[in-house]
Structure formats: C-alpha cells, structure tokens
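A.B. asks: Just the structure for this:
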Amino acid sequence: AESLALSLKAGTDCFTDNAELVKASAAEALERGLIGEGDIDTAVLRSLRIRFRLGHFDPDSASPYTVKPLCSEEHTETALEAARKGVVLLDNDGILPLCPESCGKALVIGDLAERNLPDWYSGKPPFAVTPLTAIRKFVPDAGHMTAHDLCVLVHDELGYLCAGPDGAVSWEAENRTVFEEVDWGFSTVTYRNIQTGKYLKLNHDGSLSCDSDMVWGWFTYERFSRDEETGRFLPHADTFNDGMGGEGKAAANTLLASLTRQVLTDGIAKVVDAAARSGVVILTLGNHPLLNGRECFDRPSIAFPKRWKTLIRRLREVNKNLILTLIAGYPYAFPDEVKYFRAVLYTAHGEQHVGTAVAETLFGKNNPAGRLPMTWVESETDLPEINDYDLINRPRTYQYFGKPVRYPFGYGLSYTTFSYTGLTAEPDSGGFRLTCAVRNTGPSPGDEVVQLYVAFHGVLTVFGKPERLPRRTLCGFARISLQPGELKSVDFSVPREDLAFFSEEESTFIMPPGRYTFSVGASSEDIRSTADVEILGGAKR
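C.D. replies: Modelled structure (predicted):
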C-alpha cells in the first residue's frame with residue numbers, strides 16, 4: 001500500500017503487477033489516507049487522455065493508431081508463417097521427412113507433446129496447437145505417453161495425501177491421490193492429480209492445496225524441489241517463493257521435511273515397453289518457461305537432465321528410429337546423447353502454431369530453414385565460469401569462441417541442398433556492395449538463409465596493448481526461396497561504419513586501416529566464399 005501510494009503520487013498512472021494485489025493495495029492506501037480520490041482521478045484522467053488520443057474509443061477508420069482486431073485470420077496466418085520459419089533442423093541422417101504410409105506405428109513421448117506453453121512474458125493466444133494434435137493429422141493412430149512416474153505422497157506421521165474434488169488437501173490412512181510427477185530436471189518437479197488434472201501447490205501460508213490449472217504466475221507455488229539421490233523434498237529457499245512470507249515458508253519447510261513419495265508406476269519402463277513395439281519414436285522434450293529458465297530459477301547446467309539421459313539411453317536400446325524434438329528457450333549440450341538420435345529438431349515456446357510447425361516439418365510439408373541465433377557448444381566444459389562476463393578473454397559467442405562447436409551460430413539444415421558461387425565486393429557510396437549467387441542443388445523447393453560476415457586481418461595495438469579482434473562478425477543476411485535448380489543473385493550493401501568494432505582500450509568504435517575479409521555462407525562456421533577489401537584510412541565513431 002505504501003509503495004503504491006508513493007508511486008501514484010510520483011506520476012505512475014498504470015500498475016501492471018498482479019491485478020488482485022494492486023486492487024487490495026490501492027484500497028488499503030485509500031483507507032489509510034495515503035492517497036486521496038483526487039490522486040486516483042488524476043491517474044485515470046491521464047490514462048484516458050492517452051487512450052482517446054490513440055483512438056481506442058473511435059470507429060475503426062477514425063484513427064491511424066486503432067488496433068486491428070486481434071487474432072484475425074490475417075494474424076493467424078502470420079503466426080503460422082512465423083512458426084514454420086522458426087523450426088531449426090539440427091540433425092538428420094535421412095529419416096526426415098517421415099512418410100506417413102511407411103514410417104510404421106508412431107509413438108510420441110513427452111509432456112510437451114500434449115502441451116503448448118506460452119513463453120514467460122508472452123500473451124495468451126486464442127488457441128494453441130500441440131505437437132501431438134498436429135502429428136495425428138498425418139498419422140491418426142499415433143500413440144502418446146509422458147514417461148512420468150505415478151506417485152503417492154506420504155507424510156511421516158499423518159498418512160497419505162488426499163486431494164478432494166475442491167482441491168482441499170487432507171491426510172488419510174488409506175485414501176490416497178495418485179499424482180503424475182513431472183521431472184523438469186535439476187531437482188525441480190511438479191505434481192498433477194491424474195483424476196482432476198489440477199496441480200499440487202504450496203500456498204502463501206505454507207499449506208498444501210491441489211487446485212492450480214497450470215504452472216504459472218509470478219510466484220510458482222506449484223514448483224517443488226526434490227533431491228535426485230535421496231528422493232527427499234528440499235526446503236523452499238527460492239526468491240520467487242518469498243511471496244509466502246517468513247512464517248509461511250517455515251511452515252512449508254516443516255511439512256516438506258516430513259514428506260516422501262512412493263512410486264506406483266515407473267514411467268520410463270512403461271514407455272520403453274511401448275517403444276519396442278513402435279516403428280518410429282518422436283521424443284518431445286524441453287523446458288517449462290517458468291521453471292529452470294527465468295530470473296531466480298536458472299538451471300545449473302546446460303546438459304540434459306539426469307532423467308532425460310536415462311530415458312534416451314533406454315529408448316535407444318529398443319528402437320533405433322529415435323527423433324528428438326526440443327521445444328525450449330535456451331540451448332543444450334548433449335555430446336553423449338546426440339548419437340542416439342536419427343534427427344533433432346529445435347524450436348521455441350510462445351507460438352500458438354508451434355505444434356503445427358513441428359508436425360509439418362517432421363512430415364515434409366514444411367521444409368525447415370530456421371537458423372540458430374546462438375552457439376550450441378559441444379560440451380559445457382568448453383565454456384568459462386558462468387559468472388565471468390568477459391566474452392573476449394574468456395570467450396563465448398561465435399565472434400570469439402574458437403573451439404569446435406556442436407551447432408554454430410546461424411546453423412540449420414534443410415531437406416534440400418544449396419551451392420554458392422563467388423562472392424564479389426565493390427566500393428559503393430559510403431561502403432561496399434557485395435554479390436554472390438546461390439543455387440538450389442537438391443530435389444525440393446526450399447529457403448536458404450545467406451549470411452554475410454566480416455573480419456579484420458591486421459594486428460591492432462591501442463595504448464601499447466593488443467586488442468583481441470572478433471574472428472568474424474555478422475553484417476548481413478538474406479532469406480531466399482529457391483525451386484530445384486533455380487539460381488538467384490543475392491546482394492548486400494554494407495555501410496563503411498558497420499566494419500568498426502568496439503575497442504575496450506579506447507572505449508569507442510574503431511575501424512583501423514588494412515585488409516578486411518567478407519565471407520558468405522550457411523552459418524558462422526560454414527563459409528562458402530570470401531572476398532577481400534582494403535581500407536586505407538581508419539576511423540573512430
């Protein structure tokens with residue numbers, strides 16, 4: 001209430017925190033005399049004035065700022081196009097695209113196969129197509145399993161946890177609720193009531209209830225921590241659970257210390273048995289945007305979680321046609337597991353048509369041309385310590401990282417192939433004009449993302465100290481569509497000042513004189529052609 005009052009009086013007119021929290025705080029602030037009705041009137045008046053100027057209350061044609069109806073057919077088509085273009089094919093030994101008539105019985109495994117999660121801070125779409133729903137349009141009889149264990153939760157003294165239809169929790173000697181335990185890795189788990197579909201959660205006072213429709217919200221009370229070795233529950237020490245308050249957290253930790261889980265069904269054993277009888281296995285894994293991938297809930301490793309590794313190894317023992325679909329907000333390093341997959345796809349959360357795009361790519365309706373906007377290293381041991389932010393001297397990113405990587409910046413495969421012919425570079429007004437030709441040399445239409453990089457080949461010393469220069473820097477790209485056999489010319493215009501790089505010593509951008517090499521290719525490490533230019537006079541900006 002006090003912070004709301006101070007913010008309101010300082011000029012904040014719109015509060016975008018939790019709606020119920022804002023309402024309660026505003027009411028308390030008004031009751032305590034911290035704000036008056038005049039303060040509220042001022043904020044409302046200023047907010048309405050802006051909305052009137054934006055045309056929010058005018059007929060559609062009256063204002064250039066009028067927002068078109070959301071989720072229109074045009075918007076839906078744009079969303080689908082974005083989803084298709086965002087799929088990255090990381091590996092493929094030829095198994096993809098799948099043929100519905102010859103791939104045999106398809107088994108889809110994974111929690112994310114039947115879910116389409118919004119991303120952290122994303123909007124709420126009007127619909128969300130899951131991978132499983134879209135895959136079944138190609139193979140209607142595709143099976144689905146999650147590989148999660150079924151468990152009951154037991155208190156050391158009070159008995160079994162029993163969740164009623166209203167979500168209230170009691171402790172019983174015999175009646176017990178069966179939960180699906182979703183292991184998100186790194187000791188993070190959630191529990192879903194298999195009868196109601198509701199999630200178990202810790203309330204702000206430290207008590208339990210089972211009434212959450214999904215794992216979502218600023219305070220993720222549905223998140224539990226369990227030691228992977230002992231199986232015991234760990235105390236809640238997370239910043240984002242501080243919404244409980246001290247007394248609530250103390251009560252929660254007392255409860256967790258007395259809680260254990262008993263496994264009724266081994267989820268991995270169950271899906272391995274089904275995989276042995278399937279023609280192809282599509283394993284759909286990834287992160288939850290609010291678990292192990294946001295502020296205060298970061299993962300301690302970029303390796304696959306322990307349970308994933310066990311699942312993958314055992315699946316491969318019974319089925320060689322294993323395809324991995326990763327739906328995640330960050331890269332992974334899985335050098336030991338990558339050899340088990342015949343193909344690997346990657347895409348991100350936050351897209352209502354992500355399931356459509358994944359399925360269309362798996363079955364060849366969409367020829368993938370997504371490219372990685374980050375480097376996926378071979379192993380996390382190749383990286384410097386996570387809190388060392390010196391990207392140059394302890395290198396990260398494609399500009400400075402010189403070790404072999406699994407999937408480089410700009411990487412992505414296609415169902416067709418492309419060839420490049422010589423790159424030329426000519427001086428242009430204020431910069432350079434570069435041209436190359438790209439031909440589709442494969443059997444099907446497809447898109448290629450032509451990437452242009454630049455590197456300086458001289459040695460630069462500033463104030464007597466050598467500057468470590470980038471290996472190469474992206475300075476342009478173009479996505480082009482080509483029919484089989486088609487040849488297209490691709491032109492780039494690079495302003496002279498774009499060749500400058502930042503000097504730590506001088507704290508400014510420098511473009512030293514000397515030889516610069518432009519290179520064009522399919523990724524930062526797949527260079528197809530180069531061209532040199534000489535810059536006689538350096539510059540700063």
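A.B. asks: Show the low-confidence segments of this protein, by residue range.
C.D. replies: 60-62, 66-68, 237-243, 462-464, 537-541 (pLDDT under 70).
A.B. asks: Show me the residue sitting in the middle of it in space.
C.D. replies: In the chain, the C-alpha closest to the average C-alpha coordinate belongs to residue 329, at a distance of 1.4 Å (CA atoms, centre = their mean).
A.B. asks: quick one: contacts for that one?
C.D. replies: By CB atoms under 8 Å, 6 or more residues apart in numbering, the contact list for residue 329 reads 119-120, 287, 289, 293, 348-349. Placement of C-beta: from N, CA and C, glycine included.
A.B. asks: between those residues, which is nearest residue 201?
C.D. replies: Closest approach to residue 201 among the contacts of residue 329 (CB to CB): residue 289, at 17.4 Å.
A.B. asks: Quick one: neighbours of the closest one, just the number.
C.D. replies: 22 (other CB atoms under 10 Å).
A.B. asks: how near is the residue nearest to it when sequence neighbours are not counted to residue 362?
C.D. replies: Leaving out its chain neighbours, the residue that sits closest to residue 289 by CB to CB, 6 or more residues apart in numbering is residue 120, at 4.3 Å. Distance of residue 120 to residue 362, given as CB to CB, to the nearest Å: 26 Å.
A.B. asks: From the neighbour counts alone, determine which of the two ranks first.
C.D. replies: residue 362 (29 against 16).
A.B. asks: Find the nearest non-adjacent residue to the more buried one, please.
C.D. replies: Using CB to CB, 6+ apart and skipping the chain neighbours, the partner closest in space to residue 362 is residue 98 (5.5 Å).
A.B. asks: now the one you found, what's its secondary structure?
C.D. replies: Secondary structure of residue 98, reduced to three states by DSSP: H, G, I helix; E, B strand; the rest coil: coil.
A.B. asks: tell me which residues of the longest helix seen in the chain are tucked away?
C.D. replies: Under DSSP state H, the helix in the chain containing the largest number of residues is helix 37-53. Neighbour-count burial for helix 37-53, counted by 16 or more other CB atoms under 10 Å, picks out 39, 43.
A.B. asks: Tell me the spacing between residue 351 and residue 361.
C.D. replies: Counting by CB to CB, the gap from residue 351 to residue 361 is 13 Å.
A.B. asks: Correction: the previous question concerned residue 535.
C.D. replies: In terms of CB to CB, residue 535 sits 43 Å off from residue 361.
A.B. asks: One more: residue 420?
C.D. replies: 24 Å.
A.B. asks: So which of the two has more stuff around it?
C.D. replies: For residue 420 versus residue 361, the count of surrounding residues by other CB under 10 Å is larger for residue 361: 26 against 19.
A.B. asks: CSV for the contacts of residue 329, including distance to residue 437?
C.D. replies: CSV is the format used below for those (distance: CB to CB, whole Å):
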residue, distance to residue 437
119, 38
120, 42
287, 40
289, 41
293, 41
348, 32
349, 37
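A.B. asks: With distance to residue 139 and secondary structure as extra columns, can I get those residues in JSON lines?
C.D. replies: As requested, these are arranged in JSON lines below (distance: CB to CB, whole Å; DSSP: H, G, I helix; E, B strand; the rest coil):
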{"residue": "119", "distance to residue 139": "28", "secondary structure": "coil"}
{"residue": "120", "distance to residue 139": "32", "secondary structure": "coil"}
{"residue": "287", "distance to residue 139": "26", "secondary structure": "coil"}
{"residue": "289", "distance to residue 139": "28", "secondary structure": "coil"}
{"residue": "293", "distance to residue 139": "31", "secondary structure": "coil"}
{"residue": "348", "distance to residue 139": "25", "secondary structure": "coil"}
{"residue": "349", "distance to residue 139": "24", "secondary structure": "coil"}
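A.B. asks: Which member of the residues you listed is positioned nearest residue 23?
C.D. replies: Using CB to CB, residue 120 is the member of those that lies nearest residue 23, at 23.8 Å.
A.B. asks: Pretty sure residue 170 sits against residue 162.
C.D. replies: Yes. Using CB atoms under 8 Å, residue 170 makes contact with residue 162 at a distance of 5.1 Å.
A.B. asks: Compare those two and say which is more crowded by neighbours.
C.D. replies: Comparing residue 170 with residue 162 by other CB under 10 Å, the one with more neighbours is residue 162, at 18 against 14.
A.B. asks: Quick check, that one in contact with residue 174.
C.D. replies: No. If you go by CB under 8 Å, residue 162 and residue 174 don't touch, sitting 9.1 Å apart.
A.B. asks: Tell me where the stretch 301-450 of the chain has helices.
C.D. replies: Applying DSSP state H, counting those that start in this stretch to the stretch 301-450 of the chain gives helices spanning 306-318, 354-362, 397-400.
A.B. asks: so which of those gets nearest residue 376?
C.D. replies: helix 397-400 (10.7 Å).
A.B. asks: And the contacts of that closest one?
C.D. replies: Residues outside helix 397-400 that contact it (CB under 8 Å, 6+ apart) are 375, 391-392, 408-410, 468, 470-473, 524-525.
A.B. asks: Return the set of buried residues in that helix.
C.D. replies: 398-400.
A.B. asks: How far off centre is it?
C.D. replies: 21 Å (CA atoms, centre = their mean, to the nearest Å).
A.B. asks: Any chance you could list what contacts stretch 376-383?
C.D. replies: With contact meaning CB under 8 Å, 6+ apart, stretch 376-383 is reached by 90, 301-303, 331-333, 335, 396, 401, 403-408, 411.
A.B. asks: try it again with 6 Å
C.D. replies: For stretch 376-383, the surrounding residues in contact (CB atoms under 6 Å, 6 or more residues apart in numbering) are 302-303, 331, 333, 335, 403, 405-407.
A.B. asks: and that stretch, how far apart are its ends?
C.D. replies: Start-to-end span of stretch 376-383 (CA to CA, to the nearest Å) is 11 Å.
A.B. asks: do stretch 44-63 as well
C.D. replies: End-to-end span of stretch 44-63 (CA to CA): 22 Å.
A.B. asks: Just checking the distance from that stretch to the centre of its chain.
C.D. replies: Relative to its parent chain, stretch 44-63 has a centroid offset of 35 Å by CA atoms, centre = their mean.
A.B. asks: For residue 343, see how far away residue 444 is.
C.D. replies: Residue 444 is 16 Å from residue 343, by CB to CB.
A.B. asks: Same question for residue 79.
C.D. replies: Plainly put, residue 79 is 25 Å away from residue 343 if you go by CB to CB.
A.B. asks: between these two, who's got more neighbours?
C.D. replies: Using other CB under 10 Å, the more surrounded residue of residue 79 and residue 343 is residue 343, with 24 against 18.
A.B. asks: Specify the beta-bridge partners of that one.
C.D. replies: Beta-bridge pairing for residue 343 (DSSP bridges): residue 92, residue 323.
A.B. asks: you'd agree it is up against residue 94?
C.D. replies: No. With contact defined as CB atoms under 6 Å, residue 343 and residue 94 do not form a contacting pair (8.6 Å).
A.B. asks: Thanks a lot, catch you later.
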